[in-house]
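[1] Here you go, sequence then predicted model.
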Number of protein chains: 2
Amino acid sequence: MSQAAPSLPLGSHDLRKAGLKVTRPRLRILEILEAAEPHHLSAEDVYRELLANDHDFGLATVYRVLSQFETAGIVTRHHFAGGQAVFELDTGDNHDHIVCLKSGEVAEFKDVRIEKRLKQIASELGYTLTDHRIVLYGVHQDHRDA
Amino acid sequence: MSQAAPSLPLGSHDLRKAGLKVTRPRLRILEILEAAEPHHLSAEDVYRELLANDHDFGLATVYRVLSQFETAGIVTRHHFAGGQAVFELDTGDNHDHIVCLKSGEVAEFKDVRIEKRLKQIASELGYTLTDHRIVLYGVHQDHRDA
DNA sequence: ATAAATGCAAAGACTTTGCAGCGGC
DNA sequence: GCCGCTGCAAAGTCTTTGCATTTAT
């Protein structure tokens, strides 16, 4: 009987392209990142998710894979708070973030005007802009009280 | 002979205002931060500076003092690279930073247009903006080759 | 005098690394 | 079968903390 489903799991392509072997941990981590809502997960978050649904994987592997993904441009690493790094799938749209100081929630936004202006500023200072990070800190109206 | 100089070392006022005792380590750290060029020092940087010119102070004290200063609003903590935090005197002008990916140098800039726009964006998302961080990553023209 | 600040060393949080065995290709 | 990947545990880096002593007020 013929098999209609794709012969390779989703995400394999990205891994191949990055020169990474298609392994179970890597695929699962990709899945977890894709499914994540909000998009930002710490290594521990990913690890817990793995433990909950899978056989055992090592935390070290999570860190290794996330670092490899970062190098490959598959994920982006952020340092919102301080201690822990968080990772998110790099969708290529290069959005920015706003963090609620009361609830810790992270929302996303993107603004072309700002990006244009930043590029201009960099240029005025003698830099060729490669990337940028904007993090806004504020209080969301739903958490004024807290 | 009368003494024209102020009776208290520079910086004492800021410390008092913050409810912190005026101690030698705190004054020295303030001085070091004021003199720093560029403005951004890691705890280790401050520590080395202390060791070079003073009796022995502990690295733990440096961290403690910098944290207290941060709480008091005297300094701001940044996480440009990843690993190490860097500190700079909070001059109140709330400028932003651009990091050269080749040399690691950090330059500063300030742009009111961007700040206005960010405030607006936050507001549109339902947030009251408290603070923001912008870090640009690029290559300075002097380090294209490196 | 009293409470706070310091130094030291030890502990902590987060992340990376070494190595023997397992698993894609 | 080969080379890369994984798990485990150990090491690393940066930062914080406990406690006895010193210091500012």
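    That came through fine.
[2] Tell me the secondary structure at the most centrally placed residue in chain A.
    Centroid check for chain A by Cα atoms, centre = their mean gives residue A:88 as the closest residue, at 0.8 Å. Three-state call for residue A:88 (DSSP: H, G, I helix; E, B strand; the rest coil): strand.
[3] any idea how far it is from residue B:72?
    Look at residue A:88 and residue B:72: by Cβ to Cβ, to the nearest Å, they are 33 Å apart. All C-beta atoms are positioned from the backbone trio N, CA, C, and that covers glycine.
[4] try residue A:25
    From residue A:25 over to residue B:72 the distance is 45 Å, taken as Cβ to Cβ.
[5] tell me which parts of chain A are close to chain B?
    Proximity of chain A to chain B (Cβ under 8 Å from any Cβ of the partner chain) is limited to residues A:77, A:79, A:82, A:85, A:98, A:100-101, A:107, A:109, A:111, A:113-114, A:117-118, A:121-122, A:125-142, A:144.
[6] Residue A:63 reaches residue A:43, doesn't it?
    Yes. Using Cβ atoms under 8 Å as the test, residue A:63 is close enough to residue A:43 to be in contact (5.3 Å).
[7] Of the two, give the one with the bigger neighbour count.
    Per other Cβ atoms under 10 Å in any protein chain shown, whichever of residue A:63 and residue A:43 has more neighbours is residue A:43, with 21 against 15.
[8] And DNA strand D, is the helix or strand of chain A with the lowest mean pLDDT touching that?
    Using mean pLDDT, DSSP states H and E, helix A:12-17 stands out as the lowest-scoring helix or strand of chain A, at a mean of 90. No. In terms of Cβ under 7 Å from any atom of the strand, no part of helix A:12-17 sits within range of DNA strand D; the closest distance is 8.4 Å.
[9] Dump the C-alpha coordinates for that helix into PDB.
    Provided in PDB are the C-alpha atoms of helix A:12-17 (Å, rounded to 0.1, in the frame of the first residue of the first chain):
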ATOM      1  CA  SER A  12      13.500  17.900   8.600                       C
ATOM      2  CA  HIS A  13      14.200  20.300   5.800                       C
ATOM      3  CA  ASP A  14      15.300  23.100   8.100                       C
ATOM      4  CA  LEU A  15      17.700  20.700   9.900                       C
ATOM      5  CA  ARG A  16      19.200  19.300   6.700                       C
ATOM      6  CA  LYS A  17      19.700  22.700   5.300                       C
END
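[10] Quick check: buried residues in the helix or strand just after it?
    The helix or strand immediately downstream of helix A:12-17 is helix A:24-35, counting by DSSP states H and E. Neighbour counts over helix A:24-35 (16 or more other Cβ atoms under 10 Å in any protein chain shown) mark A:25, A:26, A:27, A:28, A:29, A:30, A:32, A:33 as buried.
[11] Please give me every residue in contact with the last one.
    Contact criterion Cβ atoms under 8 Å, 6 or more residues apart in numbering or on different chains gives A:39, A:41, A:46, A:75, A:87, A:88, A:89 as the residues in contact with residue A:33.
[12] Next, work out how far apart it and residue A:110 are.
    19 Å.
[13] In space, what's closest to residue A:75 - neighbours in sequence excluded?
    Nearest-residue entry for residue A:75: residue A:69, 4.3 Å, with adjacent residues in sequence omitted and distances by Cβ to Cβ, 6 or more residues apart in numbering or on different chains.
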